[in-house]
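Chemist: I would like to see how this sequence folds:
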Amino acid sequence: MSTTRPQAGGSGSTGPFATANEFFRDLMGDHAPGLDERPDDRLIGSLQVIRTLLGMIAAVWLVLAYPLSSGRQDFVLGKLAELGLACGILLVGSVLGITAFLIAGTPDRRRAFSRRLLGPIVCMLALALGPAAIWLSLATLKGDLVGGNDLMDFFSGIFGRGILCSLASLIVLIIGWLAAVVLLIASVPYTVLAAYVCVASCFRASDVHQLLPALLSPLLVWSLFAFQVFNGPDVAAPPEVLYAFLLGGPLSVTALSVWEVRRLRSRHGITLRGALGR
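Modeler: Residues are numbered from 1 along each chain as shown. The predicted model follows:
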């Protein structure tokens, strides 16, 4: 699971996240932290990318080198379950971490943190949009929202009971089904992509303060490690290979987070005490 975190937000991004981000920036104002609190440290970003790529290469090698413990479908569903679990862990952790910063900070810092909630809010809303679209499309296909009888009653007030009423109801029903199918097909990969982006950016907790992602990442990877241990291995690999792989991710992410905190303190003067204004 990637824990790569963006350093400084770019203004040239495109796509649905950028559109949502621009809407809430216009609504709430842009109060993102400056370079003194979120420096553009390319070494930190490069090491995070390298660690993520090495983790992906190791995961692909493990799957190719050893047979799956279960079928491919169970393997894919298991990975989706892990992604959902990661979202849940980081969502709760981000909310608790940001709340702790708001409570522990001085009044001035508390107001500054509150004005920086744009990024996390955009991430949460963008993630919630996917399941909402899936529910809407499924409810439409099942006829829970609008059924054939409802359409007949509506068009009967316009055309009266007859062939025109039945034809109009059928056309609207078919168009609604087709739109629901398209929405369902698009919303499933969107939800997976949104979940991955939210996990990879730690729900953009760095928008509130740069130290938050470094503190949240170990919580995520060790929670996923416990889940994988209790859920059983995905591949039939020797124990020494399997546990070396399972421990490699949490240990490397934890070491990288510790190094990142130390580098932010030694090179950029960013400390937890200073972040809280104490």
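
Chemist: alpha carbons only for contacts and neighbour counts from here, please
Modeler: OK.

Chemist: my guess is S114 contacts F101. True?
Modeler: No: checked against CA atoms under 8 Å, the pair S114 and F101 is beyond contact range at 9.8 Å.

Chemist: the two - which one has more neighbours?
Modeler: The neighbour comparison of S114 against F101 (other CA atoms under 10 Å) goes to F101, with 21 against 15.

Chemist: my read: that one touches R278, true?
Modeler: No: the criterion here is CA under 8 Å, and F101 misses it with R278 at 11.6 Å.

Chemist: could you pull out the helices for this protein?
Modeler: With helices called from DSSP state H, the chain shows them at 16-28, 42-65, 72-104, 107-115, 118-142, 148-159, 163-200, 211-231, 239-268, 272-275.

Chemist: low-confidence ranges in this structure?
Modeler: Counting by pLDDT under 70, the low-confidence segments of the chain come to 1-39, 52-66, 68-69, 71, 147-155, 157, 159-160, 162.

Chemist: mind running it again at 50?
Modeler: The chain contains residues with pLDDT under 50 at 1-2, 4-13, 24, 27-29.

Chemist: dead centre of it: give me the residue that sits there.
Modeler: Nearest residue to the geometric centre of the chain (CA atoms, centre = their mean): C198, 2.1 Å.

Chemist: what count of nearby residues applies to the residue nearest to it when sequence neighbours are not counted?
Modeler: Spatial nearest neighbour of C198, excluding adjacent residues (CA to CA, 6 or more residues apart in numbering): C123 at 6.1 Å. Using other CA under 10 Å, C123 is surrounded by 25 other residues.

Chemist: separation between C123 and R109?
Modeler: Distance of C123 to R109, computed by CA to CA, to the nearest Å: 22 Å.

Chemist: now do R267
Modeler: In terms of CA to CA, R267 sits 22 Å off from R109.

Chemist: of these two, which one has the most company?
Modeler: The residue with more neighbours, out of R267 and R109, is R109; 19 against 9, by other CA under 10 Å.

Chemist: I'd say the more buried one and G277 touch.
Modeler: Yes: counting by CA under 8 Å, G277 is a contact partner of R109 at 6.3 Å.

Chemist: buried ones in stretch 120-136, by neighbour count?
Modeler: Counting neighbours by 16 or more other CA atoms under 10 Å, one finds that the buried residues in stretch 120-136 are 120-124, 126-127, 129-131, 133-134, 136.

Chemist: I meant to write stretch 260-267 there.
Modeler: E260, V261, R263, L264.

Chemist: how about stretch 168-178?
Modeler: Buried-residue list, stretch 168-178, by 16+ other CA under 10 Å: A168, S169, L173, G176, W177.

Chemist: what's the answer for stretch 85-103, then?
Modeler: Of the residues in stretch 85-103, L85, A86, C87, I89, L90, L91, G93, S94, G97, I98, F101, L102 count as buried by neighbour count, 16+ other CA under 10 Å.

Chemist: just stretch 40-51 next, same as before
Modeler: Residues of stretch 40-51 classed as buried: D41, I44, G45, Q48, V49, R51 (neighbour count, 16+ other CA under 10 Å).

Chemist: now tabulate the residues you listed in JSON lines and tack on distance to Y243.
Modeler: Output for these, formatted as JSON lines (distance: CA to CA, whole Å):
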{"residue": "D41", "distance to Y243": "33"}
{"residue": "I44", "distance to Y243": "27"}
{"residue": "G45", "distance to Y243": "27"}
{"residue": "Q48", "distance to Y243": "22"}
{"residue": "V49", "distance to Y243": "23"}
{"residue": "R51", "distance to Y243": "18"}
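
Chemist: what's the farthest-apart pair in these?
Modeler: D41 and R51 (16.0 Å; CA to CA).

Chemist: need the contact list for A194.
Modeler: Counting by CA atoms under 8 Å, 6 or more residues apart in numbering, A194 makes contact with A126, L127, G130.

Chemist: tell me how far the residue nearest to the centre of the chain lies from V122.
Modeler: As for C198, its distance to V122 is 10 Å (criterion: CA to CA).
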